[in-house]
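> build me a structure from this.
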Amino acid sequence: MSRMLPCLILTVLLGTCLANAAQARQWHSKNGQYSVEAVAIAFNEDLVILKKASGDLVAVQRSELSAADRVYLQQKAATPPVDSVDSWQTWTTDKGFRFRARVLDFGREPVTIRATSNMVFINDEPFSSLDPLHQKVALRVISRIENVPLSNVTELLKWTNQQENDKQTYTLEGVKVELESGDTIGIPFFMFAPAEQQILKWGWKAWQSQQDDAAAQARESFLMRSQADAYQRDRQQQRQIEMLKLNLLATQAGIVDMWEVSLRPAPGRYGRPLQVLVPAENSDLASRKALAQHPGYVLGPVRKVSR
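I've put the predicted structure just below:
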């Protein structure tokens, strides 16, 4: 009988209901002066958290939504949540290095390191051609296993050339991840921050014990990815929601207004247009805050969205 992951519903606010992963819809204020295309990712009796296509979160008081939107939320409250385990996530190593990746599977992979007089190869790929994260993994694995400090390719080349054997092979136990570059890499558990390591190692022993049962291993990997996804969304949404709650308190008290600032990548810079909500006393301050938060972007239209 398959083991089921404990409830993955996130408690974002007291009494919160998580919405289905669904297509975005148009939301309207009850006075018709504001609309936004977004997905409701969380809501309770007082507040709705909307996620726009850009990934930005917008907090809206439920009482300020149109009657049609409020009916939609009532229907949504009775719908079981659907969790996605394929989203891009931000992870942190035990040394504080942050990287974006998508967790794919548990893994136990051999890593072979060899060197010529002036080059190091990792699984027959030149070290210099690897992405920075892959390079860090290789250096950390050797440093930990061999108990030698290696921080760059020069030290790695020197150490490798001093070994009696021209090839060293190590076995990594951890997770396989896909980077935004499209590369797939195995990262050992010990390289993750303690809290993230605990999440990712969930089910590892069960996965190991079922080496001859591909279906059982696939189930364990899916449950681990589900656990990781729930952890990531909870952490990110809690952080953003706390900021939104503070912003709402400020706007409700009449201290500042909320501004929607449009940004686009500066010439020659890769990126996608953004729309961010910024609390500020006027549009100029809102624009400056948005630009400071998003280096490499230039200013687009700005509009006031709070009364």
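> residue ranges with poor pLDDT in the stretch 51-200 of the chain?
Where the stretch 51-200 of the chain drops to pLDDT under 70, the residues are 55-57, 59, 77-87, 181.
> can you do 50?
Applying pLDDT under 50 to the stretch 51-200 of the chain flags residues 80-84.
> what about the helices in it?
Per DSSP state H, counting those that start in this stretch, the stretch 51-200 of the chain carries helices over the ranges 67-77, 132-146, 153-161, 194-200.
> residues making contact with the shortest one?
The reference is to helix 194-200. With contact meaning CB atoms under 8 Å, 6 or more residues apart in numbering, helix 194-200 is reached by 91-92, 94, 103, 174-175, 189-190, 192, 224, 227-228, 231. Yep, even glycine has a C-beta here, placed from its N, CA and C like the rest.
> and with 6 Å instead?
Outside helix 194-200, the residues that touch it by CB atoms under 6 Å, 6 or more residues apart in numbering are Trp91, Val175, Phe189, Gln227, Ala228, Tyr231.
> ok, the second one next?
By CB under 6 Å, 6+ apart, the list of residues contacting helix 132-146 from outside reads Phe99, Ile122, Leu150, Tyr170, Ile185, Ile187, Met191.
> for it, C-alpha coordinates in PDB please.
C-alpha atoms of helix 132-146 as PDB (Å, rounded to 0.1, in the frame of the first residue of the first chain):
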ATOM      1  CA  PRO A 132      29.600  27.700 -11.300                       C
ATOM      2  CA  LEU A 133      27.400  25.500  -9.200                       C
ATOM      3  CA  HIS A 134      28.800  22.300 -10.700                       C
ATOM      4  CA  GLN A 135      32.300  23.600 -10.000                       C
ATOM      5  CA  LYS A 136      31.500  24.300  -6.400                       C
ATOM      6  CA  VAL A 137      30.000  20.800  -6.000                       C
ATOM      7  CA  ALA A 138      33.100  19.200  -7.300                       C
ATOM      8  CA  LEU A 139      35.400  21.200  -5.100                       C
ATOM      9  CA  ARG A 140      33.300  20.700  -2.000                       C
ATOM     10  CA  VAL A 141      33.000  16.900  -2.600                       C
ATOM     11  CA  ILE A 142      36.800  16.400  -2.800                       C
ATOM     12  CA  SER A 143      37.500  18.800   0.000                       C
ATOM     13  CA  ARG A 144      35.100  17.000   2.300                       C
ATOM     14  CA  ILE A 145      36.100  13.400   1.400                       C
ATOM     15  CA  GLU A 146      39.800  14.000   1.200                       C
END
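> can you list the buried residues in that helix?
Buried residues in helix 132-146, defined by neighbour count with 16 or more other CB atoms under 10 Å: Leu133, His134, Gln135, Lys136, Val137, Ala138, Leu139, Arg140, Val141, Ile142, Ser143.
> now do the first one
Neighbour-count burial for helix 67-77 flags Asp69, Tyr72, Leu73, Lys76 (criterion: 16+ other CB under 10 Å).
> so which of the helices of the stretch 51-200 of the chain is nearest Trp259?
Trp259 lies closest, by CB to CB, to one member of the helices of the stretch 51-200 of the chain: helix 67-77, at 22.2 Å.
> Tyr170 and Asp69: what is the separation?
To Asp69, Tyr170 is 55 Å away according to CB to CB, to the nearest Å.
> sorry, back to before: select from the contacts of helix 194-200 the one having the most neighbours.
Using other CB atoms under 10 Å as the neighbour test, those are led by Val175, with 25 neighbours.
> that one and Tyr72, how far apart?
Distance of Val175 to Tyr72, given as CB to CB: 38 Å.
> for Pro110, same thing?
Computed as CB to CB, the Pro110 to Tyr72 distance reads 52 Å.
> what does Phe99 give?
To Tyr72, Phe99 is 37 Å away according to CB to CB.
> what do you get for Lys158?
Where Tyr72 is concerned, Lys158 sits at a distance of 64 Å (CB to CB).
> just to revisit the earlier point, closest to Arg264 out of the buried residues of helix 132-146?
For these, the nearest to Arg264 is Leu133 (28.3 Å; CB to CB).
> what number of residues lie near the closest residue to Thr169 other than its chain neighbours?
Nearest-residue entry for Thr169: Thr112, 4.7 Å, with adjacent residues in sequence omitted and distances by CB to CB, 6 or more residues apart in numbering. Per other CB under 10 Å, the neighbour tally for Thr112 reads 12.
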